[in-house]
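K.L.:
Predicted model, plus sequence, below.
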Amino acid sequence: MQKNLRWKLILVFAFLAICTYYFVSPKEKGAPLLSRLNLGLDLKGGIHLVLQVMTDDALNQELLQDGEAISRELRSKNIPFESSKKGAGYSVEVTGVDASRLNEARAFLESRFKHRYEIRSTGAGGKTDFTLTLMSSYVRETRESTVRQALETIRRRVDDLGVTEPTLQIYGRSDQDIQDQIIVELPGIDDPDRVKSLIENTAQLELCLVKKTEGGPFPSIEAAVQANGGYIPEDYRVLPEAGDQGQVQYLVVSKIPVITGKDVKTARRGQDANGAPLVNFFLNADGAGRFAEATGRHIGENLAIVLDNVVKSAPVIRGEIEAEGVIEGRFSVRQAEDLALLLRSGALPASLNVLEERTVGASLGADSIRSGILASLIGFSIVVVGMLAYYRLSGLNAIWCLIANLLILLGFMGAVGATLTLPGIAGIILTIGMAVDANILIFERIREELRAGKTVRAAVDNGFTKVLGAILDSNITTFIAAACLFQFGTGPIRGFAVTLAVGLIANVFTATYFSHRLFELMLGQRKVETLSI
Amino acid sequence: MEILKNVSVDWLSKKWLFVGTSLFLILLGVAGYVLHGGFSFGVDFTGGTIIQVKFKEAPDLDVLRESLKTEAVSAPLIQRYGRADENEIQVRMQTAFEGQDLEAGRREMTDALRQAFDPEHADTSKIDFNNVGSDALYTYLINSDPDNLKAQNKTFSEMETHYRTVAQSLLDYRNVKGAGIVNSLDDLRNASGVSQTVVDSLKNGFYAGSFAIKKLDRVGAVVGADLRRRAQWAIGLSFLGMLVYIGFRFKPVYGVVAVIALLHDVVVTAALFALTTKEVSLTVIAAFLTLIGYSINDKIVIFDRVRENLRFMRKESFYKILNLSINQTLARTIMTGSMTFLAVLVILLFGGEVLNGFAFALTVGILIGTYSSIGIASPIVEWWYRSVGQKTKRRAA
């Protein structure tokens, strides 16, 4: 054969060999064959969650803290005022500030809060009210960073669980401009309940001092309030604790934590002298310093270990503790493990709302794989028989193109680690059906040219050149449809769109270039009278 | 083999046959729509819960309905899924779905099912093997050590590897051989690498429950609305894309005609969905978009041939050229149509329940898309050239 043709064919086959490699070879040393192809949730089983990050939590938290900070400052400066608390919208309202100290108050507010808030004041009589409203740019920024932070925390938890190939993505509703949703996909998980509770758990840890006098425990909130003279001081709150016999009791606990989850460097499950599971936690340098100071100053008092606003335990401080602590309290081994995991990953910056949950059992996945493979084999066979019957030897040409298409498609998916889903398998079957269209167009044209009396070689060449426009147009338009599908689809639909699109691109290449070279190979150098088509 | 070598049918004269068929189908669809109260949208679009459960033996549907009634806002819709001997049921319900309650809701459903079908096990500490996950199974095995590895002085990591493999083998047996359920724990003796001692040990901690939850989908109403919106955008944008591309590559009129024909295809296929109340899910929308892609190809092939013929046959009437173009490309149309049709028919028959709606949309759609090129798109183009195009000088497309 001509030298040119030989090189062209060698290049094509080399390319196909590379594709085959990417599709068949194991992902890493020791992995099984074909492992580069990721199986989607619907084929492997697993859980798909769409979580909405309640970014308002984070904003409200900030407003609350700022409100209290203003309270403390004004009081320490002895500036009389009525109240400082969260107001409507995203604002803090400071009411009843004495007019005589107005400038001082305003100066203080502006110095601390000007870059985040817009500050307005209204005055009446001898008193002025301030309204601090969060700037909308800041609100937006905070929302976005809260979502990112939530994503990172969830990612740490998921990694810690040892899930292979998890997907975590920020996502947004098509009619909102803030993307405040997170998609979590965990293939291969077959205990969705445990995973969900791990992911959704806010896990806010705080270590706070129990009120020294009349701190509790009390059998009810009313009893706690009464014992404190009918009024809980502003710096304290009443929190529930599960008592030894399983009953709920209440403690009066400081609102200001000595340490929080942020100070925890790491945590792990341990056991006490009786072998009961507990959680050991270790503080970082900064936290350790504060912890040492607090425990040193409050020996004999109780330190409440508060998790998500519930007191887990409140042991007595026996001496100065520096860098580590223990959380005990009727844990099973699994619960202690999970709590340690949560502490390691850090608290969620906001609570999560589950908008969507899909769990697919592994058995359903196996069913789907079976159906998919069966349908693919049958579909392929039908097309092979059809093409051979109708186009004879040239049909074989089309089948080589088909095989090349599949190798390119699967090779691409293996190379980029794309995920194969059940609709994706359907996409492959469709590609088999639609890909032969290009070949059919060319073959019909060749037949026409032959009927018109052209020589075999001319007919073949004409077939390819005259049909190129139509082939390109068809494939580009179908590609447009696939692109729209990808843009607006989610999950498995995207898998389908990708297989369709890549299949189309591969198809243009094989049907025009590869097929033509194969014809040249078949015709060779000699003069050919007839063509098996 | 070569059929359709020299076809010479006057397709354009038969246009009313095609238009009539379409109108008839659309009418059927409208009737179906009115009769059934609209399309049968999947939870993707309406929000709600779908739970797919496989039972050991055919469950009493009334018992099932009763047990789930507390979870549902309205009566749950129960359907058999798959073959009768598989005993798989799909329950669809609108639940009072508030995000925070999601966790509780799932557990409550499992508990409700357990109370109804495995009441003797509802309160024991034994775990339901048919719903257990690999972690819990592994933890049990390594704690109870039925193969007595500790006595053989195996290291912890050797024990871990061994029992993880055993757990996986047990679950594979259940999931693949049993399609998700085992009738009794004794069946597990057949799992590879599983010894009798393991099975005996399992009997102490597990029981083979009467049902296995194969799938659970819960979609909030907000998400449903969002997905609807996305689907509309996807289809709308693809129409726009087609209009622009075809209009650009051929002449603007061809773009418009193509979109009209595509609209026809989508509407008639949708009509059939309304008639048969097949569920419209996200994958069905994907099928519609694929259908659009396939159908446009058909039009392009004819338009391309028309363009070519116009170049060489200036003397013929447009009517004749159009008919000729259709006849010339008929062999390709039939062949490609058959190949693609057979491919999706295979998916319809063998692709399983999950792809059923998808395959139906495509099977029907391909037939409709193929005849719409000849019966809808072509007549409109011809009418245009007759009434409007004549006024401007007739140029090649």
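P.N.:
Cool, got the structure. Residues are numbered from 1 along each chain as shown, chains lettered A, B, ... in the order given.
K.L.:
In which helix or strand does the closest residue to chain B within the stretch 1-150 of chain A reside?
P.N.:
The minimum distance from the stretch 1-150 of chain A to chain B, using CB to the nearest CB, falls at A:V50 (6.3 Å). Just so you know, the C-beta spots here come from the backbone N, C-alpha and C atoms, and that holds for glycine as well. A:V50 belongs to strand A:46-53 when assigned by DSSP states H and E.
K.L.:
contacts for that strand?
P.N.:
Identification of contacts with strand A:46-53 by CB atoms under 8 Å, 6 or more residues apart in numbering or on different chains yields A:41, A:146-147, A:150, A:154, A:171, A:180-190, A:192, A:195-196, A:199-200, A:350, A:352-360, A:491, B:99, B:223.
K.L.:
what's the following helix or strand after it?
P.N.:
Assigned by DSSP H and E, the successor of strand A:46-53 is helix A:55-76.
K.L.:
and that next one, which residues are buried?
P.N.:
A:55-59, A:62-63, A:66-68, A:70-71, A:74 (16 or more other CB atoms under 10 Å in any protein chain shown).
K.L.:
and which of those is nearest to A:A375?
P.N.:
Proximity of the buried residues of helix A:55-76 to A:A375 (CB to CB) peaks at A:T55, which lies at 44.3 Å.
K.L.:
looking at it, that closest one is touching A:R140, isn't it?
P.N.:
No. Under the criterion of CB atoms under 8 Å, A:T55 is not in contact with A:R140, lying 9.7 Å apart.
K.L.:
and for those two, which residues touch both?
P.N.:
By CB under 8 Å, 6+ apart, the residues touching both A:T55 and A:R140 are A:I178.
K.L.:
what ranges do the helices span in chain B?
P.N.:
Under the criterion DSSP state H, chain B contains helices at B:15-36, B:43-46, B:61-69, B:102-117, B:134-144, B:156-172, B:196-205, B:221-249, B:252-276, B:282-312, B:318-350, B:356-372, B:378-384.
K.L.:
Identify all contacting residues around stretch A:148-155.
P.N.:
A:51, A:53, A:166, A:168, A:170, A:182, A:184, A:199, A:345-350, A:352.
K.L.:
From those, which land in strands?
P.N.:
A:51, A:53, A:168, A:170, A:182, A:184, A:352 (DSSP state E).
K.L.:
Now do the third one, the pLDDT please.
P.N.:
Predicted confidence (pLDDT) for A:L168: 88.
K.L.:
and it, what are its bridge partners?
P.N.:
A:V184 (DSSP bridges).
K.L.:
In chain A, where is pLDDT below threshold?
P.N.:
Along chain A, the model assigns pLDDT under 70 to residues A:1, A:30-31, A:174-175, A:243-246, A:330.
K.L.:
ditto for the stretch 251-397 of chain B
P.N.:
B:389-397.
K.L.:
Residue numbers of it in contact with chain A?
P.N.:
B:282-283, B:285-286, B:289-290, B:292-294, B:296-297, B:300-301, B:304-305, B:308, B:328-329, B:331-332, B:335-336, B:338-344, B:346-347, B:350-352, B:354-355, B:358-359, B:362 (CB under 8 Å from any CB of the partner chain).
K.L.:
one more time with 7 Å
P.N.:
B:282-283, B:286, B:289-290, B:292-294, B:296-297, B:300-301, B:304, B:331-332, B:335-336, B:338-340, B:342-344, B:346-347, B:350-352, B:354-355, B:358 (CB under 7 Å from any CB of the partner chain).
K.L.:
domains for the chain, by residue range?
P.N.:
You didn't say which chain, so I picked chain A. A:3-40+A:366-523, A:56-137, A:206-322 (automatic domain parsing).
K.L.:
That was the other one, I meant chain B.
P.N.:
B:12-43+B:221-389, B:48-218.
K.L.:
measure the shortest one end to end?
P.N.:
When you say that, I think you mean domain B:48-218. 6 Å (CA to CA, to the nearest Å).
K.L.:
hmm, back to that, who is the residue of the stretch 1-150 of chain A closest to chain B paired with across the strands?
P.N.:
Going by DSSP bridges, A:V50 forms beta bridges with A:I183, A:E356.
K.L.:
ok, how many other residues are close to it?
P.N.:
24 (other CB atoms under 10 Å in any protein chain shown).
K.L.:
Also the one 4 residues further on?
P.N.:
By other CB under 10 Å, 19 other residues sit near A:M54.
K.L.:
For it, give its distance to A:A350.
P.N.:
Separation of A:M54 from A:A350 (CB to CB, to the nearest Å) stands at 5 Å.
K.L.:
Make sure A:E28 is indeed in a strand.
P.N.:
No. A:E28: not assigned to a strand; according to DSSP: H, G, I helix; E, B strand; the rest coil it is coil.
K.L.:
returning to that earlier point: hey, which of the domains of chain A is tucked in deepest?
P.N.:
domain A:3-40+A:366-523 (a mean of 20; mean count of other CB atoms under 10 Å in any protein chain shown).
K.L.:
And that domain, end to end?
P.N.:
15 Å.
K.L.:
Could you find the closest non-adjacent residue to residue 370?
P.N.:
Since no chain was named, I'll use chain A. Once flanking residues are discounted, A:R370 sits nearest to B:G352: 7.9 Å by CB to CB, 6 or more residues apart in numbering or on different chains.
K.L.:
my bad, the chain I had in mind was chain B
P.N.:
In space, B:T370 is closest to B:G337, 4.6 Å off (CB to CB, 6+ apart).
K.L.:
how many neighbours does that neighbour have?
P.N.:
Around B:G337 there are 21 residues (other CB under 10 Å).
K.L.:
quick one: A:V456 from B:L227, how far?
P.N.:
Distance from A:V456 to B:L227, by CB to CB: 54 Å.
K.L.:
ditto for B:E316
P.N.:
Distance from B:E316 to B:L227, by CB to CB: 50 Å.
K.L.:
Next to chain A, which bits of the stretch 101-250 of chain B? Give me the list.
P.N.:
B:102-103, B:106-107, B:133-136, B:171, B:175-176, B:179-180, B:212-220, B:222-223, B:226, B:229-230, B:233-234, B:237-238, B:241-242, B:245, B:249.
K.L.:
Now, of these, which are buried?
P.N.:
B:102-103, B:106, B:133-136, B:171, B:175-176, B:179-180, B:212-220, B:222-223, B:226, B:230, B:234, B:237-238, B:241-242, B:245, B:249.
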